[in-house]
Structures are given as structure tokens and as C-alpha cells.
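# Sequence below, structure please.
(one chain, ligands or ions: 1)
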Amino acid sequence: MNIGSYSLPNGLFVAPMAGITDRPFRQLCKRLGAGYAVSEMMSSRPDLRDTPKSLLRSNHVGETGVIAVQISGTEASQMADAARYNIDQGAQIIDINMGCPAKKVCNKWAGSALMQDEILAIQIVTAVVQACAPHGVPVTLKMRTGWCAEHKNALQLARQAVDSGVQMLVVHGRTREQGYKGVAEYDTVAAVKAAVSVPVVANGDIDSPQKARAVLQATGADAVMIGRAAQGRPWLFRETTHFLANGSELASPLVAEVKHLMFEHLHDHYHFYGQHSGVRTARKHIGWYVKDLPGASEFRERMNLLDDCTQQWQAVADYFDQLNALSDRLPDLRSAANQFKQQQEMENSNHEKHADCRLRAT
Ligand SMILES: Cc1cc2nc3c(=O)[nH]c(=O)nc-3n(C[C@H](O)[C@H](O)[C@H](O)COP(=O)(O)O)c2cc1C
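Okay, the predicted model is just below:
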């Protein structure tokens, strides 16, 4: 599929996840078959541009594939400036965030809160499209199905956004009110796909190659976007590519390969964040990799106490060497899909806690 003039290798996307889909993780997912990855959101506020977090998020040095940067904000002119700034930093596609339910975003009427104010939402889209047009940079939009069950306006907003120049839409099949609870529905995604001429991407609860195929078939979407299920399982993109092409499942990865992939990931991660921050922020990724594996909780407890990269690296090496002695391949986690999903929800509950902004339309 294409976004503007960019041709993507496939329709498997990594979802933007603040604090997770940083440059090292995006790169790893792309190496393992993801055709496209969107950066974590960048605030449009100019006073936040030089914070250490923003500087890291706007660092795309060596990034392969198309560089897509997501921006969030509430003021059209500020969003337009943010788009120009990120283009200067290397962005080739600008994505507007109207999907994130996080409190610090919603309190300022950004993220999915914008879906409640269609006029403002379209003013922002128009301003960003105008800012990007002289640079030939396509603008995309990530949204939810609506504000709440009674106000599902994804379809209206999608039509207006496309009329205003948006060149691709991602729809997460939940309302803002749902946060990450309940289940994603895909009827709204299908309705959006049927109504607009630009590519539409289905997102929400896609956690296996089979689910990816089912969602593609049910919605007619051009691509699927995967977030939480790829945490600690970046080879899900390879498995899904294979399944969509051949209809058969790949065997679980070899333990030795997973160890190698984790080393690559950790190497990039430490390099990107520096040793002090890197060892701490790597813990959550390591935790996700070992989840459901034998002895995971004991290993996590010990590993979380280490604050030195070399020690952390060695702990990972020792853990996977012991695992390799038990089995050549990872246990088939797909058979434990329900348990996996519940644990993902618990891991992400922190994000959800911050999503408690109940700004219902009055
Ligand atoms: C920890 C976390 C951080 C997220 N950060 C963002 C973000 O920065 N921008 C955004 O548009 N969506 C964000 N999302 C939403 C995801 O992109 C995605 O829409 C959602 O997780 C549903 O997809 P999934 O079921 O495949 O995870 C975040 C989700 C999680 C769990």
C-alpha cells in the first residue's frame, strides 16, 4: 500500500506507544517484518521541544524505512508549527493523534478528546495539511471509533478529514470512554473503509496472525496496526507476514534466536538512552520478553534490582542459556493466548490509570 508517494513493503504496522515504540523497538520490529512504524507522540508545545524526552523522540538517526512522526496538541497553529519542526527533524509523514486517551493529553483536549469537537479537529487537520503540503509530506490521522458508545463519530470525522487532505486513517476499534477495556469492534473500521478513498488501517486487540487475517477480512482494511501484542514479541510481525502469505504457522522462535534478538535490542536501547536511563527503561521490555516463560517472575525480581547494563545483559544471557537447556524453542505462547492477553492488560493498566479523564460532552 501507499501513503502519498511512499510505497510500504506490507500492511503490518507497529502502533505508536508512548514509552515503548522508541527508535530501538521500531527498528527491531521493522527488521522482523513490520512494514511501517509510527513514533511515540510528540507534544506540539514548543516549550517542550528541548526536553530530554522530546529530543530522544525526535532523534531518527539511522532509522530505516519511512519516518512517521505523531504529533499531539490542541491548537491548530501550534500543530502546524509542530509539523514543520518535525519535518525539519526528518519526519517524512506526519500523523495526528486523535486516539490517545491519556489524561495529560485529554485534559488539554488533545488526543481522542478532539473527537468531541469536530470543528476544532478539522481546523487542526487543515492547518497541519497546509503546513506539510509545501514539503510534499503526507498527513495521516489516528482516531478511535468515537467519544463514547452514544457518540461514535469516526465515520463523519473520517470523511471530513479526508476532504481536508488526510491521506491515511488508522481506527482503533474502541471509544475514548472505553480506554483499553472491553473488546475492540471492527464494524466501525469497516464502515470507515467503505466510506473513504484513502487507505484505512484497523487497530485494536490484534494479537495473532489469525486475528490479523480475520480483521483484514472483516473490515476490508488495507493494513493492520499492532501495539500491545508486539511487546516482548516483535517476531509477531514475521509470523503474521508468513501466515498472511502462506496460511500456515511458523514454529515458535528458537531460544538462541530470541537471546540474540534481545541482545540486539538491548544494545540499541543502551546506546539510545545511555547506560543510566537505558538499564532502567530496558526492564519493562525484558519483563515482556520473558513473560509466560519458566521462572519468569523470579528472574524479573532479580533483574529489576540490577542497575548496571553489563549485569543486566549477563542476567539475560544466563536466563536464556538455562532456558535453552530445557528446550530449543520458546514454548508456544499462542496456546496461552487468553492468559497472555490478561497479563498484557495488567502491564498496561498504568497507562490506563492515567487515562481517567471523563470529559463527557455536556
Ligand atoms: C502504553 C501505551 C502507550 C500508547 N501511546 C500511544 C501514543 O503515543 N499515540 C497513540 O496514538 N496511541 C497510543 N497508544 C494506543 C496504541 O497505539 C493502540 O491504538 C492501542 O494500544 C490499541 O492497539 P493494540 O490493541 O494492538 O495494543 C498507546 C497504547 C499503550 C498501551
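# Tell me which residues touch the residue of the stretch 151-300 of the chain found nearest the ligand, please.
Per CB to the nearest ligand atom, Gly227 is where the stretch 151-300 of the chain lies closest to the ligand, at 2.8 Å. Where C-beta positions appear, they are placed from N, C-alpha and C, glycine not excepted. For Gly227, the contacting residues are 14-17, 21, 203, by CB atoms under 8 Å, 6 or more residues apart in numbering.
# Spell out which residues of the chain are next to the ligand.
Applying CB under 6 Å from any ligand atom, one finds that the chain approaches the ligand through 15-18, 20, 40-41, 70, 97, 99-100, 142, 172, 203-206, 226-229, 348, 351.
# Sort out which of those are buried, if you could.
Buried members of these, scored by 16 or more other CB atoms under 10 Å, are 15-18, 20, 40-41, 70, 97, 99-100, 142, 172, 203-206, 226-229, 348, 351.
# I'd assumed Val215 was in a helix, is it?
Yes: assessed with DSSP: H, G, I helix; E, B strand; the rest coil, Val215 lies in a helix.
# Name the nearest residue to it, sequence neighbours excluded.
Ala202 (4.9 Å; CB to CB, 6 or more residues apart in numbering).
# Using the record's assignment, carve the chain into domains.
9-251, 255-326 (automatic domain parsing).
# most tightly surrounded among those?
Most buried of these, by mean neighbour count (mean count of other CB atoms under 10 Å): domain 9-251, with a mean of 20.
# how far out from the middle of the chain is that one?
Distance of domain 9-251 from its chain centroid, counting by CA atoms, centre = their mean, to the nearest Å, is 7 Å.
# Figure out the helix or strand that the residue of the chain most remote from its centre lives in.
Using CA atoms, centre = their mean, the residue of the chain lying farthest from its centre is Ala325. It sits 34.0 Å away. Taking DSSP states H and E as the definition, Ala325 sits inside helix 309-326.
# which helices and strands sit right next to that helix?
helix 255-273, helix 275-290, helix 296-303 (3 or more CB pairs under 8 Å, 6 or more residues apart in numbering; DSSP states H and E).
# which outside residues touch the longest one?
The contact list for helix 255-273, computed with CB under 8 Å, 6+ apart, reads 22-25, 27-28, 32, 56, 59, 234-235, 253, 278-279, 281-282, 285-286, 289, 309, 312-313, 316-317, 320-321, 323-324, 327-330.
# Can I get stretch 29-37 as CSV, trimmed to CA atoms?
What follows is stretch 29-37, C-alpha atoms only, in CSV (Å, rounded to 0.1, in the frame of the first residue of the first chain):
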residue,chain,number,x,y,z
CYS,A,29,10.0,-4.6,14.6
LYS,A,30,10.9,-3.4,11.1
ARG,A,31,13.8,-5.9,10.9
LEU,A,32,11.3,-8.6,11.9
GLY,A,33,8.8,-7.8,9.2
ALA,A,34,6.8,-4.7,10.2
GLY,A,35,6.3,-2.6,7.1
TYR,A,36,5.7,0.7,8.9
ALA,A,37,6.1,2.2,12.4
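# Mean confidence (pLDDT) on stretch 157-172, please.
Confidence over stretch 157-172 (mean pLDDT, whole number) is 98.
# Equivalent analysis for stretch 311-322, please.
97.
# what's the answer for stretch 111-127, then?
91.
# residue ranges with poor pLDDT in the protein?
The model of the chain has pLDDT under 70 over residues 101-110, 333-362.
# which stretches of it form strands?
Using DSSP state E, the strands of the chain run over residues 2-3, 6-7, 12-14, 36-37, 42-43, 68-72, 93-98, 139-146, 168-175, 200-203, 223-226.
# Distance to Val162 for these - can I get that in JSON lines?
Shown next, in JSON lines, are the strands of the chain (distance: least, CB to CB, whole Å):
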{"stretch": "strand 2-3", "distance to Val162": "13"}
{"stretch": "strand 6-7", "distance to Val162": "18"}
{"stretch": "strand 12-14", "distance to Val162": "19"}
{"stretch": "strand 36-37", "distance to Val162": "19"}
{"stretch": "strand 42-43", "distance to Val162": "23"}
{"stretch": "strand 68-72", "distance to Val162": "18"}
{"stretch": "strand 93-98", "distance to Val162": "13"}
{"stretch": "strand 139-146", "distance to Val162": "9"}
{"stretch": "strand 168-175", "distance to Val162": "7"}
{"stretch": "strand 200-203", "distance to Val162": "10"}
{"stretch": "strand 223-226", "distance to Val162": "16"}
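# For Ala212, find the nearest of these.
Ala212 lies closest, by CB to CB, to one member of those: strand 223-226, at 4.9 Å.
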